[in-house]
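# This is the structure alone, sequence omitted:
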């Protein structure tokens, strides 16, 4: 038993005002009451006691209580309130559902519990959608999101779209974006519609180690049904980030692709690319391009592994144990550090790491603490707030105390 607030949702008392003047007055609540009541109602359903409605599936009949169904299902609530034939006859036949699924759904309606498995969840979703069991659809979404695989994620994505399960649609897309290469190798990839494919290849959250994966996934999809899909190629090709591909790949593979020659727009994109690579126009890499690196760069008090966009604590390394990271930034798929020597506080090393090798760019003398650093290739970068400029080859490194 537990204490219970004696006011309703409007803040008004459920009891007579005189009760509040009795110091012995207290409301108690049974924590087991709701569970016990549901268990008894479910027992009555199983024993066909006080039941006032029947659901027919095939040759089997399921006695139920209208008030339970109307409370949990918009489908049944509408049926009972609109005086439909089924409501008047106190009986409804539900087709295209197995007895096993109907029994699981009735258990859920009466107990709030559902047994999920990969073999049964799809039928459960279809029936929950038919009966407008929104809470069951939500629980189904949560379950499916835990059992995604390379083989089934696109199938469940389509199923979720069909039944307007927005949360599951988002989770499926997220899974595909994070496992793009492996998913694009599945047979289900070839069955994608063009809208979904464009959503994926244009996403800023797409994670791949090479833009070649994106290009080849588009080529493979188009050539699977080239007669009906070739006109989609120019639109899809515009989402390929040519600057992230090697010059040799663009020259030896992309420029020789027949689909490129068929489209004036695609040819112009490739020609424009060769103009851009001779300029300082910055490349915009995909998320997954940044090396999944283990830097193990530490000081006497700091350490970490730099992954995509996050830093994870790791055991301290013996390397650079007498130096402390003052600030860090990312530029052109490399991490740049400004590292203070703890023995000489005014001396800093500017180093970079590309996931494989370290390079010390320069050593500078500065004030007691560098707080910010900007690395860029533009000579026209306005350094009003970053007045201290270090030039290293084509790079301009600006630091702020």
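Happy to help now that I have it. None of these values were measured; they are calculated from a predicted model. Numbers count the residues shown, from 1 in each chain.
# so how far does stretch 40-54 reach from one end to the other?
19 Å (C-alpha to C-alpha, to the nearest Å).
# ok now that stretch, how far from the chain's centre?
42 Å (C-alpha atoms, centre = their mean, to the nearest Å).
# Now that stretch: buried residues?
Using 16 or more other C-beta atoms under 10 Å as the test for burial, stretch 40-54 gives 41, 42, 44, 45, 51, 53, 54. Where C-beta positions appear, they are placed from N, C-alpha and C, glycine not excepted.
# so where's this structure uncertain?
1-21, 278-285, 287-326, 332-333, 341-346, 354-357, 366-401 (pLDDT under 70).
# Which of the buried residues of stretch 40-54 fall within helices?
Among those, the subset assigned to helices under DSSP state H consists of 41, 42, 44, 45.
# isn't the third one right up against residue 51?
Translated: residue 44. Yes: Residue 44 lies in contact with residue 51 (C-beta atoms under 8 Å); the separation is 7.1 Å.
# what sits in contact with each of the two?
residue 65 (C-beta atoms under 8 Å, 6 or more residues apart in numbering).
# which residues sit against the helix or strand harbouring residue 248?
Using DSSP states H and E, the element containing residue 248 is helix 247-249. By C-beta under 8 Å, 6+ apart, the surrounding residues in contact with helix 247-249 are 212, 277.
# those strands in this structure, which residues are they?
2-3, 28-29, 53-57, 60-64, 91-93, 305-306, 311-312, 323-331, 334-341, 344-353, 358-365, 372-376, 388-392, 395-400 (DSSP state E).
# And the second one, what does it pack against?
Judged by 3 or more C-beta pairs under 8 Å, 6 or more residues apart in numbering; DSSP states H and E, the packing partners of strand 28-29 are strand 2-3.
# change it to 6 Å
Here strand 28-29 touches no other helix or strand, going by 3 or more C-beta pairs under 6 Å, 6 or more residues apart in numbering; DSSP states H and E.
# what do you get for the third one?
Contacts defined by 3+ C-beta pairs under 6 Å, 6+ apart place strand 53-57 against strand 60-64, strand 91-93.
# Now do the first one and strand 53-57, the angle between them.
Taking axes from the mean of the first three to the mean of the last three C-alpha atoms, to 10 degrees, one finds that strand 60-64 is oriented at 150 degrees with respect to strand 53-57.
# elements contacting strand 60-64?
strand 53-57.
# what's near enough to touch residue 169?
By C-beta atoms under 6 Å, 6 or more residues apart in numbering, residue 169 lies in contact with 160, 161.
# What is the burial count for residue 88?
Counted with other C-beta atoms under 10 Å, residues neighbouring residue 88 total 10.
# wait, I meant residue 75
Residue 75 - counted by other C-beta under 10 Å - has 17 other residues nearby.
# What separation is there between residue 351 and residue 116?
Distance, residue 351 to residue 116, using C-beta to C-beta, to the nearest Å: 51 Å.
# of those two, who's got more company?
Ranked by neighbour count (other C-beta under 10 Å), residue 351 and residue 116 place residue 351 first, with 20 against 16.
# Can you give me the distance of the more buried one to residue 331?
Counting by C-beta to C-beta, the gap from residue 351 to residue 331 is 13 Å.
# Any figure for the gap between the spatially closest residue to residue 276 that is not a sequence neighbour and residue 260?
The shortest distance from residue 276 to any non-neighbouring residue, by C-beta to C-beta, 6 or more residues apart in numbering, is to residue 243 (6.6 Å). Residue 243 sits 17 Å away from residue 260, going by C-beta to C-beta.
# Kindly report the same for residue 99.
From residue 99 to residue 260 the distance is 56 Å (C-beta to C-beta).
# wait, residue 168 sits on residue 140?
No: assessed by C-beta atoms under 6 Å, residue 168 is found out of contact with residue 140, at 7.8 Å.
# quick one: which of residue 99 and residue 260 has more around it?
residue 260 (18 against 12).
# So that one sits against residue 268, correct?
No: using C-beta under 6 Å, residue 260 makes no contact with residue 268, being 10.3 Å away.
# Contacts only, for residue 58.
Counting by C-beta under 6 Å, 6+ apart, residue 58 makes contact with nothing.
# give me phi/psi at it?
Residue 58 adopts backbone torsions of phi 60, psi -130, taken as degrees, to the nearest 10.
# Kindly provide the distance from it to residue 65.
Counting by C-beta to C-beta - residue 58 and residue 65 are separated by 22 Å.
# For residue 350, give the beta-bridge partners.
Beta-bridge partners for residue 350, by DSSP bridges, are residue 338, residue 362.
# pretty sure it is touching residue 361, no?
Yes: the pair residue 350 and residue 361 qualifies as a contact (C-beta under 6 Å) at a distance of 4.6 Å.
# More neighbours: the two, which one.
Higher neighbour count among residue 350 and residue 361: residue 350, with 22 against 17, using other C-beta under 10 Å.
# measure residue 224 to residue 184 for me?
12 Å.
# Looking at those two, which is more packed in?
The neighbour comparison of residue 224 against residue 184 (other C-beta under 10 Å) goes to residue 184, with 25 against 14.
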